[in-house]
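Trainee: okay, predicted coordinates and the sequence, questions at the end:
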Amino acid sequence: MAVRTEPNDEAFLASSKALLDERARDLDADVAARLRQARYRALEAKPRPFFWLLPAGGVAAASVAVLAVALWFYQPGRPAPMQGVEDLEILSSPENLELFDDLEFYGWLAERDRTG
Amino acid sequence: MASVEARLAAGVIVGLGSCRGRAETLDQTQALGRFLAGIERRAFRMAQIATGDADEALDLVQDAMLKLAERYASRTEAEWTPLFYRILQTRILDWHRRSKVRNRWRVWFGRGDAEEDPDDPLEWVPDQAAPDPAKQVALKRAAQALEEALKKLPLRQQQAFLLRAWEELDVAQTAQAMGCSEGSVKTHYSRAVHTLRQRLGDHWP
């Protein structure tokens, strides 16, 4: 979508641009300094992201991670240490293991004799 | 032990995210600083040509810089140029409207300054046969002549010419910056080139 320009216009436009560039370079020191100050003020006014939220976010994320790890390692069905010791006693006893297998049956028999 | 490691890992992740965010913001601030540094002098000259006053021009450029930084810093760098000039040109238009009202009141109370007829720009166009040592002076005068001729243009033609010919915005970007249609940009620009060439003549460096 170029605007039609005559051949002579091209040279005229190139000269104009060069002259205007020269004028822009040729600013006096005071104006240049005031422009620089204006630029710094604009950069200071630039909105900053909410970095102060990051520490709070970090604590929250760390807490979630710790909770996840704790839940991962927590096993509700795991036998307590004392239960392991009792098993060891049964296994190491010289009694017949079948007796312990049928312990429930003998318990039922004893209950029946008592009530019956 | 595992929870300590997890805690450390989470801390590292959050820390890295924070550092990356800060680095991106720093990059963006530096990019905006570079953009403004590259454009501020041309913007000042444009505003000065439009207002004829260095202090007013400085105020307008500063306003435009502030608004760009406050509202559009997060946009892409490619968008900054048309956005910046849109802000600046709007400020210039507002300034002209206010000046017209002020001048009307001055004329009403009989305090209006007589229209000064600035020097004929052609007087400043350099002689092609000028010797080399005087070339810089001649170029400076030619530049001043161009500025004077630009000041005499209607504001919209002046804006179209400066944005298209100097800032090299395309028609669509110029239309965006000027807040008008692309057809209007073409018309203003074409008339501006025609008028400037007539005023400055063929004696051009």
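Mentor: Great, that's in hand. Note that the structure is predicted; figures quoted are calculated from it, not measured.

Trainee: please count neighbours and contacts with C-alpha atoms only from this point.
Mentor: OK.

Trainee: for A:Pro47, the count of nearby residues, please.
Mentor: Neighbours of A:Pro47 under the rule other CA atoms under 10 Å in any protein chain shown: 13.

Trainee: phi, psi of it?
Mentor: Dihedral pair for A:Pro47: phi -60, psi 140, per degrees, to the nearest 10.

Trainee: quick check, pLDDT for the nearest residue to it once chain neighbours are set aside.
Mentor: Nearest residue to A:Pro47 in three dimensions, chain neighbours excluded: B:Glu70, at 6.0 Å (CA to CA, 6 or more residues apart in numbering or on different chains). Turning to B:Glu70, the model gives it a pLDDT of 94.

Trainee: tally of neighbours for B:Glu70?
Mentor: A total of 17 residues lie near B:Glu70 under the criterion other CA under 10 Å.

Trainee: contact partners for the spatially closest residue to A:Arg25 that is not a sequence neighbour?
Mentor: Distances taken as CA to CA, 6+ apart put B:Arg41 closest to A:Arg25, at 7.3 Å, once the chain neighbours are dropped. Going by CA atoms under 8 Å, 6 or more residues apart in numbering or on different chains, B:Arg41 touches A:Ala24, A:Arg25, A:Leu27, A:Ala32, A:Leu35.

Trainee: distance check, the third one against A:Ala18.
Mentor: In this structure, A:Leu27 and A:Ala18 are 15 Å apart, going by CA to CA, to the nearest Å.

Trainee: what's the answer for the last one, then?
Mentor: Using CA to CA, one obtains 22 Å as the distance from A:Leu35 to A:Ala18.

Trainee: please identify which of those two sits among more neighbours.
Mentor: Ranked by neighbour count (other CA under 10 Å), A:Leu35 and A:Ala18 place A:Leu35 first, with 22 against 15.

Trainee: tell me the secondary structure at B:Ser74.
Mentor: coil (DSSP: H, G, I helix; E, B strand; the rest coil).

Trainee: count the residues that sit near it.
Mentor: 17.

Trainee: what sits closest to the residue most central in space within chain B if chain neighbours are left out?
Mentor: The centre of chain B sits closest to B:Ala43, judged by CA atoms, centre = their mean, with a distance of 3.0 Å. Distances taken as CA to CA, 6+ apart put B:Val61 closest to B:Ala43, at 6.5 Å, once the chain neighbours are dropped.

Trainee: the one you found: which element?
Mentor: Assessed by DSSP states H and E, B:Val61 sits inside helix B:54-72.

Trainee: in that helix, what's buried?
Mentor: B:56-70, B:72 (16 or more other CA atoms under 10 Å in any protein chain shown).

Trainee: find the nearest non-adjacent residue to B:Thr195, please.
Mentor: Counting by CA to CA, 6+ apart, B:Thr195 lies nearest to B:Leu153, which is 8.0 Å off, once chain neighbours are set aside.

Trainee: neighbours of the one you found, how many?
Mentor: Per other CA under 10 Å, the neighbour tally for B:Leu153 reads 17.

Trainee: is it correct that it is in contact with B:His194?
Mentor: No: using CA atoms under 8 Å, B:Leu153 is not in contact with B:His194, being 11.0 Å away.

Trainee: now do the SS call for the residue nearest to the centre of chain B.
Mentor: B:Ala43 - assigned by three-state DSSP - is helix.

Trainee: distance check, it against B:Met178.
Mentor: B:Ala43 is 14 Å from B:Met178, where distance means CA to CA.

Trainee: again with B:Thr29
Mentor: Distance of B:Thr29 to B:Met178, given as CA to CA: 26 Å.

Trainee: and what of B:Lys140?
Mentor: Separation of B:Lys140 from B:Met178 (CA to CA): 29 Å.

Trainee: A:Ala32 too?
Mentor: With CA to CA as the criterion, A:Ala32 and B:Met178 are 26 Å apart.

Trainee: those two - which one has more neighbours?
Mentor: B:Met178 (24 against 18).

Trainee: tell me what angle the helix or strand hosting A:Ala42 forms with helix B:54-72.
Mentor: For A:Ala42, the element it lies in under DSSP H and E is helix A:29-45. In terms of direction (axes from the mean of the first three to the mean of the last three CA atoms, to 10 degrees), helix A:29-45 departs from helix B:54-72 by 20 degrees.

Trainee: what lies in contact with helix A:29-45?
Mentor: B:29, B:32-33, B:36-37, B:40-41, B:58, B:62, B:65-67, B:69-70.

Trainee: what about B:Arg102, how many neighbours?
Mentor: By other CA under 10 Å, the burial measure for B:Arg102, its neighbour count, is 13.

Trainee: check the offset of the helix or strand containing it from the chain's centre.
Mentor: Under the criterion of DSSP H and E, B:Arg102 resides in helix B:77-108. On the basis of CA atoms, centre = their mean, to the nearest Å, helix B:77-108 is displaced by 11 Å from the centre of the chain it belongs to.
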